[in-house]
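Enquirer: fold the following.
(one chain, ligands or ions: 2)
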Amino acid sequence: MVKTKNTKALLNKYLKELFLSTMRQSYEELANQARQESLSYDQYLLTLAELECITRQNKRIERNLRDSRISRDKNIDTFDLKRVPVKVAHQVRSLMEGDFVDHKENILAFGNPGSGKTHLLCAIGQELIRKGRKVYFAPCSLLVQDLLKAKQELQLSRFLKKMSRYDALIIDDIGYVQQDRSEMEVLFTLLADRYENSSIMITSNLPFSKWEQIFKDPMVTAAAIDRLVHHSVILELNIESYRMEAAQKRKTKSRTS
Ligand code: ADP
Ligand code: MG
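Expert: Ligands and ions are numbered 1, 2, ... in the order given. Next comes the predicted model:
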């Protein structure tokens with residue numbers, strides 16, 4: 001093994017070339033610690049390699065969280081699971097494990113406005129990202145506009161390919177805004193493209209019986225529902241609006257105080 005006077009300079013150079021920035025920053029301090037604790041060479045190297053991997057993983061998660069466009073405050077710690085039906089709470093715990101993504105299953109969250117659908121799917125999405133998956137969040141109306149723009153620019157297949165890189169796509173509030181035929185068509189194209197390829201997570205205030213309002217044509221509506229439901233978990237949030245409940249609690253409190 002070479003023994004040179006400028007070990008430090010060379011080590012810095014090589015670690016930089018190998019893009020091992022965490023090892024570069026930490027090897028000296030950890031070497032001192034290793035000497036004090038009489039660690040073996042193997043143990044020292046293991047500690048350094050582990051640190052590099054963990055730092056990279058955390059950076060990747062941070063990048064994917066940013067890229068997902070999920071609002072950070074809608075996470076599982078800020079969500080009161082006791083407010084939702086027991087069945088939903090069980091479903092959510094298991095969904096957060098992420099196996100549904102491997103099976104290309106979908107999640108469909110139904111319920112009144114304010115019942116917590118968006119918050120819940122965002123929270124599941126964040127947990128998926130922490131487990132190494134890629135997720136993308138988009139309000140349905142914006143996603144449809146992006147799809148239309150891509151289609152007009154003859155970039156639809158490119159856009160769909162970009163979306164297919166995400167393990168799960170959260171489409172928030174499907175059916176909230178009335179869509180015209182061309183909007184419905186691109187939305188259907190997206191659903192069909194992801195069918196059995198990657199997961200979709202949808203929130204909607206509209207039960208399936210009213211989905212013709214979204215897809216206009218009964219055949220297209222049936223085809224869309226069929227594809228979504230085929231492999232899916234349905235979360236029924238038939239509960240009172242969280243905002244309404246919070247406002248009522250505040251009112252009662254101010255009356256009694
Ligand atoms: P929806 O999408 O069903 O209309 P949201 O998820 O937007 O409802 O929830 C409305 C508001 O209430 C949000 O600010 C959300 O963070 C909050 N909220 C809803 N349910 C819960 C809950 N169980 N725990 C904590 N906050 C909640
Ligand atoms: Mg919502």
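Enquirer: what residues does this structure put near ligand 1?
Expert: For the chain, the residues in contact with ligand 1 (Cβ under 6 Å from any ligand atom) are 74, 78-80, 83, 111, 113-119, 203, 242-243. All C-beta spots, glycine's among them, are computed from the backbone N, C-alpha and C.
Enquirer: and the residues you listed, which of them are buried?
Expert: 74, 79, 111, 114-119, 203, 242 (16 or more other Cβ atoms under 10 Å).
Enquirer: in TSV, list these along with pLDDT and secondary structure.
Expert: Shown next, in TSV, are those (pLDDT from 0 to 100; DSSP: H, G, I helix; E, B strand; the rest coil):
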residue	pLDDT	secondary structure
Lys74	98	coil
Phe79	96	coil
Gly111	93	strand
Gly114	92	coil
Ser115	94	coil
Gly116	95	coil
Lys117	96	helix
Thr118	97	helix
His119	97	helix
Thr203	97	strand
Tyr242	80	helix
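Enquirer: and the two most separated of those residues?
Expert: Lys74 and Gly111 (15.4 Å; Cβ to Cβ).
Enquirer: Phe159: neighbouring residues, count only.
Expert: For Phe159, the neighbour count with other Cβ atoms under 10 Å is 20.
Enquirer: and what of Ser157?
Expert: What Ser157 shows, counting by other Cβ under 10 Å, is a neighbour count of 12.
Enquirer: next one: phi and psi at it?
Expert: Dihedral pair for Ser157: phi -70, psi -30, per degrees, to the nearest 10.
Enquirer: equivalent analysis for the one 10 residues further on, please.
Expert: Its backbone dihedrals place Asp167 at phi -70, psi -30, with angles given as degrees, to the nearest 10.
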